[in-house]
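Engineer: Give the three-dimensional model of this entry:
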Amino acid sequence: MPADMNLNTGEYKVHRELAIQKRQNRICPAWQIGEHDPEGVGIFPNDEPIVPDGIEDPPVLRLLERKMGKQK
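Structural biologist: Below you'll find the model as predicted:
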């Protein structure tokens, strides 16, 4: 949620009325998170997700390419 902070005094005000509430949690392996999944915010460019053997084109690779600026 957003907040304002006075850098001189360290005082802050939290704006709870502007908070975004999450009603569901999606738990899944990182390799399944695709380019347009909201959970993609939790994947960082230097992450190395574990991909099971036999998975040829995991969605997370496209997400990582985009985050590293290498998307075609």
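
Engineer: mind listing the strands for this protein?
Structural biologist: 3-5, 12-14 (DSSP state E).

Engineer: just so I know, which of those strands lies nearest residue 58?
Structural biologist: strand 3-5 (36.5 Å; C-beta to C-beta). To be clear about C-beta, it is placed using only N, CA and C from the backbone, and glycine gets the same treatment.

Engineer: what about this protein, any weak spots by pLDDT?
Structural biologist: Scanning the chain for pLDDT under 70 picks out 71-72.

Engineer: tell me, what residue is most central in it?
Structural biologist: Among the residues of the chain, the one closest to the centroid is residue 41, at 1.0 Å (C-alpha atoms, centre = their mean).

Engineer: Switch the strands of the chain over to JSON lines; also include distance to residue 48 and mean neighbour count.
Structural biologist: As requested, the strands of the chain are arranged in JSON lines below (distance: least, C-beta to C-beta, whole Å; neighbours: other C-beta atoms under 10 Å):
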{"stretch": "strand 3-5", "distance to residue 48": "33", "mean neighbour count": "10"}
{"stretch": "strand 12-14", "distance to residue 48": "35", "mean neighbour count": "10"}
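
Engineer: can you redo those as JSON lines with distance to residue 27?
Structural biologist: What follows is the strands of the chain, written out as JSON lines (distance: least, C-beta to C-beta, whole Å):
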{"stretch": "strand 3-5", "distance to residue 27": "28"}
{"stretch": "strand 12-14", "distance to residue 27": "28"}
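
Engineer: of these, which approaches residue 49 most closely?
Structural biologist: Closest among those, once you apply C-beta to C-beta, is strand 3-5, at 31.7 Å.
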